[in-house]
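*Asks:* Mind looking at a prediction? Sequence and model below.
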Amino acid sequence: MENLIIINASPRAPQSNSKEYSEIFIKYSKLETKYFELNKRNQNELIYKMENFSQALFVFPLYVDCLPASFLDFLKILEKSSTEHKPIISVLINCGFIEVYQNDIAVEILKLFCNQTGYKFGSVLKIGSGEAILGTPFKKLVDRKIKQLANSIYTKQYKTLDVSMILPKKIYLKKSTEYWVKYGQKYNILKQEMETMKIE
Ligand SMILES: Cc1cc2nc3c(=O)[nH]c(=O)nc-3n(C[C@H](O)[C@H](O)[C@H](O)COP(=O)(O)O)c2cc1C
């Protein structure tokens, strides 16, 4: 029977946007779908679980134009593991910037990973303005695209989809800067401090 495993590979999985995107996906998925959050302790367990699924969906954020380091670690272990059954891998990636193309390199990295390790690659949904979009009227666009993603995996008509807020870049930058400055104020952090490497 066809089924699907979602792996949320956000480093802040329990409080992540990736979690919210996964929940929307689950709402639309017609396959038996199970959701898991990747962490430092369950990498091998998740790899073992993947063997029992025909489809896998990796949901994760863009970090520094790449995959989060913890997700790369997971892929390194997956690469070395001698799994017999390999699910078809699809991707739902979101990034903070408004341009969906920011996600392209990360998607290419995953495609290459699949190519080199014998996994079939399925569908992709690239989300821009991923930190903000769910709290705006553009959420319905995300909903629609995630539904299309779920249907493409179900019907095996794999495709690449994308969605972002339909706003001029200047307005997005202005609004997002205002948002983060306000957010910093809640924790007594100044804009100038946020602009330094010491913020971590
Ligand atoms: C360490 C770090 C690096 C990031 N790098 C990028 C980046 O290179 N490009 C981008 O558009 N967004 C970047 N972001 C923003 C995240 O992709 C965005 O906030 C996303 O919604 C987080 O998803 P999550 O809640 O599922 O983890 C970065 C965020 C963090 C914390």
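*Replies:* Nice, I can see it.
*Asks:* residue contacts, the nearest residue to Phe138 once chain neighbours are set aside?
*Replies:* Residue nearest to Phe138 in three dimensions, not counting chain neighbours: Met165, with 4.7 Å by C-beta to C-beta, 6 or more residues apart in numbering. For the C-beta atoms, the positions are set from N, CA and C on the backbone; glycine is no exception. The neighbourhood of Met165, defined by C-beta atoms under 8 Å, 6 or more residues apart in numbering, consists of Ile98, Gly128, Ser129, Ala132, Ile133, Thr136, Phe138, Tyr172.
*Asks:* I'd like those as TSV, with neighbour count, secondary structure and distance to the ligand appended.
*Replies:* Formatted as TSV, the contacts of Met165 follow (neighbours: other C-beta atoms under 10 Å; DSSP: H, G, I helix; E, B strand; the rest coil; distance: C-beta to the nearest ligand atom, whole Å):
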residue	neighbour count	secondary structure	distance to the ligand
Ile98	21	coil	8
Gly128	23	coil	7
Ser129	25	coil	9
Ala132	19	coil	8
Ile133	21	helix	9
Thr136	14	coil	13
Phe138	17	coil	14
Tyr172	19	helix	11
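*Asks:* picking that back up, could you check the pLDDT of the residue nearest to Phe138?
*Replies:* Per-residue confidence (pLDDT) for Met165: 97.
*Asks:* follow-up on the earlier one: and the contacts of Met165, which is closest to Lys86?
*Replies:* Lys86 lies nearest to Gly128 out of the contacts of Met165, by C-beta to C-beta, at 29.9 Å.
*Asks:* What is the neighbour count of the spatially closest residue to the closest one that is not a sequence neighbour?
*Replies:* Sequence neighbours aside, Ser164 is the residue nearest to Gly128 in space, at 3.2 Å (criterion: C-beta to C-beta, 6+ apart). Number of residues near Ser164 (other C-beta atoms under 10 Å) recorded here: 25.
*Asks:* Phi, psi for Ser164 please.
*Replies:* phi -160, psi 170 (degrees, to the nearest 10).
*Asks:* Quick one: residues contacting it.
*Replies:* Ile98, Glu99, Val100, Ile127, Gly128, Ser129, Ile133, Phe138.
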